[in-house]
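Trainee: What follows is a protein structure lacking sequence information:
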């Protein structure tokens, strides 16, 4: 008897386990795209408002980040090692999103500075994308990888 059989339907998860990496890769790409759009919204909102109260989180970006974390946790069940790495990277994206948003609020409050680009969050998302691409499309580089290793 599995410990998680009541929390997660393991048979249903086993059926979708081969496509979880592709779902994570898709969410990572969508997360990068929504990050660009969210930054543009923040720039527009900062020009319109006088304080940081005008800046809002963009719901699609928040949803893709949370989806990335949840799917990476699900990926940890069938593939513990790769899932753990994926989950740590997804949590890194979540935390950098949180702190980048807070730094945008500080920059909007000061008004002496222009809103900066979310460099740390882009870096965390890029690492997440690269590892998700490595896990999902490894078959492309597998012949070269096996000849070297």
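Mentor: Arrived safely. A quick note: this is a predicted structure, and the numbers were derived from the prediction, not measured.

Trainee: List the contacts of the closest residue to residue 117 other than its chain neighbours.
Mentor: Distances taken as CB to CB, 6 or more residues apart in numbering place residue 39 nearest to residue 117, at 6.7 Å, with adjacent residues excluded. In short, each C-beta sits where N, CA and C put it, glycine included. Neighbouring residues of residue 39 by CB atoms under 8 Å, 6 or more residues apart in numbering: 115, 117-118.

Trainee: ok, so of the residues you listed, who is nearest residue 19?
Mentor: Nearest to residue 19 among the contacts of residue 39 is residue 118, at 29.4 Å by CB to CB.

Trainee: ok, and the closest non-adjacent residue to that closest one?
Mentor: Nearest residue to residue 118, sequence neighbours excluded (CB to CB, 6+ apart): residue 100, at 4.3 Å.

Trainee: which secondary structure element contains the one you found?
Mentor: helix 80-110 (DSSP states H and E).

Trainee: What backbone torsions are found at residue 116?
Mentor: Backbone geometry at residue 116, expressed as degrees, to the nearest 10, gives phi -80, psi 170.

Trainee: what's the neighbour count on the nearest residue to residue 69 once chain neighbours are set aside?
Mentor: Using CB to CB, 6+ apart and skipping the chain neighbours, the partner closest in space to residue 69 is residue 90 (4.6 Å). Neighbour count of residue 90, defined by other CB atoms under 10 Å: 30.

Trainee: correct me, but residue 90 touches residue 128?
Mentor: Yes. Contact criterion CB atoms under 8 Å: residue 90 and residue 128 qualify, at 6.3 Å.

Trainee: okay, and the common contacts of the two?
Mentor: With CB under 8 Å, 6+ apart, residue 90 and residue 128 have common neighbours residue 68.

Trainee: now residue 126: how far from residue 19?
Mentor: Distance, residue 126 to residue 19, by CB to CB, to the nearest Å: 23 Å.

Trainee: Ok, residue 141 next?
Mentor: Relative to residue 19, and taking CB to CB, residue 141 is found at 20 Å.

Trainee: List the residues that contact the residue lying closest to residue 34 once chain neighbours are set aside.
Mentor: Spatial nearest neighbour of residue 34, excluding adjacent residues (CB to CB, 6+ apart): residue 61 at 3.9 Å. Applying CB under 8 Å, 6+ apart, we find residue 61 in contact with 31, 34-35, 37-38, 97.
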